[in-house]
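Undergrad: Sequence first, predicted coordinates after that:
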Amino acid sequence: MASHALSKLSPSTPFSTSAGAQSPRRPCLASSFRLPDAWLGASDFSLRSTSPVSRSPKPRPIIATVAFSLPTAKPERVSSIENVPRWSRRAIKSFAMGELEARKLKYPTTGTEALLMGLLIEGTSSAAKFLRANGITLFKVREESVKLIPKGDMYFFSPEHPPLTEDCQRVLDWAVDQKLKSADRGEITTRDLLLGIWSEVESPGHKILAALGFDDDKAKELESQVSEPEHEG
C-alpha cells in the first residue's frame, strides 16, 4: 500500500535524503496545487469556488395593508358593510400622522390636538390648505398644543398606536354620522375631520383653532365646500 501511494508522487515534488539537501519547500497557497494522495482519486486541486457568484438578493416588495376605516365607538349604526362610508386616503394618512405626532410629543393618547397636527403634516388635503390659507400652520398648532398639554417625560415611550381620547373618538364618529345623514355617499374627507374637531367645543383641538383665529364663520365656509368633490383618492 505504501509503495502504491509513493508511486503517485509528482516528480516535481522535492524529496531528498542527502545530508546536504535543503528541506522540502512548503507549497504556497496559490490558485491551485497538487496533493500526493491516491485515496482522493485525483492529485490536482483548485482553491477556486465552483459555486456561482453570489449576488445580493432582490429586495422584496413592501406589502402594506390599507384600512378604509378608522376606529369607531358605534359599529352597530350601520346594517351592513356596504353602507359604511369609506374614509379618503388623505384622511387616513392624516390620522396616522396624528398618531405619530402624539408619540413624538410623548403623549400617552391621541387627542384632537394631535389629529389637527396630523392634518397639517399630511399637508396636501383641502383641509390643510384651508387652514394654511387662514394663517394656521403646523408650527403654530404645535406651539399652542404644548401650552395646553406639556410634553411627556423624556423617558416615557408612547405606545405604537396611542389610544384615542374620548373627544377624539367622538370626532371620528361625528364625521361618519354626518356622512350617513347627508345625501352624499362619497368618502369621508379631511374637511369632515376638521369640522368634527371644531364641533368638540371643550376639546384641545377646538381651543387651539379658536386661539389661532378659526371661528364659526370659517367653519360655515368650510362646510359649504364639503359637498364639493375633493378628489382625494
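TA: Good, I have the coordinates. Numbers count the residues shown, from 1 in each chain.
Undergrad: can you give me the helices for this protein?
TA: For the chain, helices defined by DSSP state H occupy the ranges 2-6, 89-104, 112-122, 126-133, 138-148, 166-181, 190-199, 204-211, 216-223.
Undergrad: I'd like the ones you listed as CSV, with distance to Pro159 appended.
TA: Where C-beta positions appear, they are placed from N, C-alpha and C, glycine not excepted. Shown next, in CSV, are the helices of the chain (distance: least, C-beta to C-beta, whole Å):
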stretch, distance to Pro159
helix 2-6, 72
helix 89-104, 8
helix 112-122, 13
helix 126-133, 26
helix 138-148, 19
helix 166-181, 15
helix 190-199, 22
helix 204-211, 19
helix 216-223, 32
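Undergrad: okay, those helices, which one's buried deepest?
TA: Stretch with highest mean neighbour count among the helices of the chain: helix 112-122 (a mean of 27; mean count of other C-beta atoms under 10 Å).
Undergrad: Spatially nearest residue to Glu144 (excluding sequence neighbours)?
TA: Once flanking residues are discounted, Glu144 sits nearest to Ile208: 4.4 Å by C-beta to C-beta, 6 or more residues apart in numbering.
Undergrad: my guess is the one you found meets Glu113, correct?
TA: Yes - using C-beta atoms under 8 Å, Ile208 is in contact with Glu113, at 5.9 Å.
Undergrad: what do the two both touch?
TA: Val141, Glu144, Ser145, Leu148 (C-beta atoms under 8 Å, 6 or more residues apart in numbering).
Undergrad: Distance of the third one relative to Leu116?
TA: In this structure, Ser145 lies at 8 Å from Leu116, with C-beta to C-beta, to the nearest Å as the measure.
Undergrad: can you tell me the average pLDDT over stretch 89-105?
TA: For stretch 89-105, the mean pLDDT works out to 93.
Undergrad: Same question for stretch 129-149.
TA: pLDDT averaged over stretch 129-149 gives 95.
Undergrad: Need the distance between the two termini of it.
TA: With C-alpha to C-alpha, to the nearest Å as the measure, stretch 129-149 spans 25 Å from end to end.
Undergrad: How about stretch 160-168?
TA: 17 Å.
Undergrad: looking at the chain, which helix or strand does the model trust least?
TA: Among the helical and strand segments of the chain, the one scoring lowest on mean pLDDT, DSSP states H and E is helix 2-6, with a mean of 45.
Undergrad: circling back to that earlier point, which stretch among the helices of the chain comes nearest Thr72?
TA: helix 166-181 (5.9 Å; C-beta to C-beta).
Undergrad: Touching the closest one from outside, list them.
TA: Residues from elsewhere that reach helix 166-181, judged by C-beta under 8 Å, 6+ apart: 70-74, 77-78, 83, 85, 109-112, 114-115, 164, 186, 188, 192-193, 195-197, 199-200, 202-205.
Undergrad: Residues in contact with both of Ser145 and Leu116, list them for me.
TA: Ile208.
Undergrad: which residues touch the spatially closest residue to Trp87 that is not a sequence neighbour?
TA: With sequence-adjacent residues excluded and distances taken as C-beta to C-beta, 6+ apart, Trp87 is closest to Ile188, at 4.9 Å. Applying C-beta under 8 Å, 6+ apart to Ile188 gives the contacts Pro85, Arg86, Trp87, Ser88, Ala91, Ala175, Val176, Lys179.
Undergrad: cutoff 7 Å now
TA: Pro85, Trp87, Ser88, Ala91, Ala175, Val176, Lys179 (C-beta atoms under 7 Å, 6 or more residues apart in numbering).
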